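S.K.: Following is a predicted model, sequence given first.
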Amino acid sequence: SIADSSQINYFKATADLEQVSDTIISYEYDDNFNEVEKKTFQKIVQPNYTINIKSNDPGKTLEYFHSKKWINNENQFTAIPFQPNQISRNNEGVVIKSTRKSVSLSPQLQENYIVIRNSALLYSSLKMLSITEKRIISDIDYVLYGNKSQDYWIKIKAKNGELPLILRW
């Protein structure tokens, strides 16, 4: 199993979404067949994140990731689709961080967890949801999913509002 091979005990992950401008460079040809650079700009939603992987043997964890070719020559963890990032080793395990902005983890939790903080960028990008579903999601502050051993839990924190949550929906 991956836990045995990599010596991973648990992981923590926190992400915040941000809208950034992305530049696309393409080339066209003019009437004289000269190459002309064309720049277009688009807005994309990019996560800023930190993933902390707790391991009994961080060296073995990194060795396992290298054997799977999940770390490239630029020391980026490529098994997740969000680049650029940096992977490093510390005394307790391995840390993967997006390189644009740092995001801090919760120091209290010592088990697997994922925090999804709500933002307008998150629910506006969920195109398949109805207007009512988007309104409900907009009332949520964050979702915290965790597990320890065989216990799994989810915590949903609603934003403060004029009415109690049950009356808003």
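M.R.: Received, thanks.

S.K.: Help me confirm that Ile51 comes into contact with Val95.
M.R.: Yes: under the criterion of C-beta atoms under 8 Å, Ile51 makes contact with Val95 at 7.1 Å. C-beta coordinates here come from the backbone N, C-alpha and C atoms, glycine included.

S.K.: Between the two, which is the more surrounded one?
M.R.: The residue with more neighbours, out of Ile51 and Val95, is Ile51; 22 against 19, by other C-beta atoms under 10 Å.

S.K.: CA-only coordinates of the strand or helix carrying that one in CSV, if you can.
M.R.: Secondary structure assigned from DSSP states H and E places Ile51 in strand 35-55. Provided in CSV are the C-alpha atoms of strand 35-55 (Å, rounded to 0.1, in the frame of the first residue of the first chain):
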residue,chain,number,x,y,z
GLU,A,35,5.6,35.8,-37.8
VAL,A,36,3.7,38.2,-35.4
GLU,A,37,3.3,37.5,-31.7
LYS,A,38,-0.2,37.7,-30.4
LYS,A,39,-1.0,38.0,-26.6
THR,A,40,-4.4,37.2,-25.1
PHE,A,41,-5.3,37.4,-21.5
GLN,A,42,-7.7,35.3,-19.5
LYS,A,43,-8.8,35.1,-15.9
ILE,A,44,-8.3,31.7,-14.2
VAL,A,45,-9.0,30.5,-10.7
GLN,A,46,-5.7,29.3,-9.1
PRO,A,47,-5.4,27.7,-5.6
ASN,A,48,-2.8,28.8,-3.1
TYR,A,49,-2.2,25.8,-0.9
THR,A,50,-0.1,24.0,1.7
ILE,A,51,0.0,20.2,2.0
ASN,A,52,1.8,18.8,5.0
ILE,A,53,2.5,15.0,4.9
LYS,A,54,3.4,13.6,8.3
SER,A,55,5.8,10.7,8.0
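
S.K.: So what's the gap between the next helix or strand after that strand and the chain middle?
M.R.: Remark: after strand 35-55, the chain's next helix or strand is helix 58-67, criterion DSSP H and E. In terms of C-alpha atoms, centre = their mean, to the nearest Å, the centre of helix 58-67 is set 21 Å apart from its chain centre.
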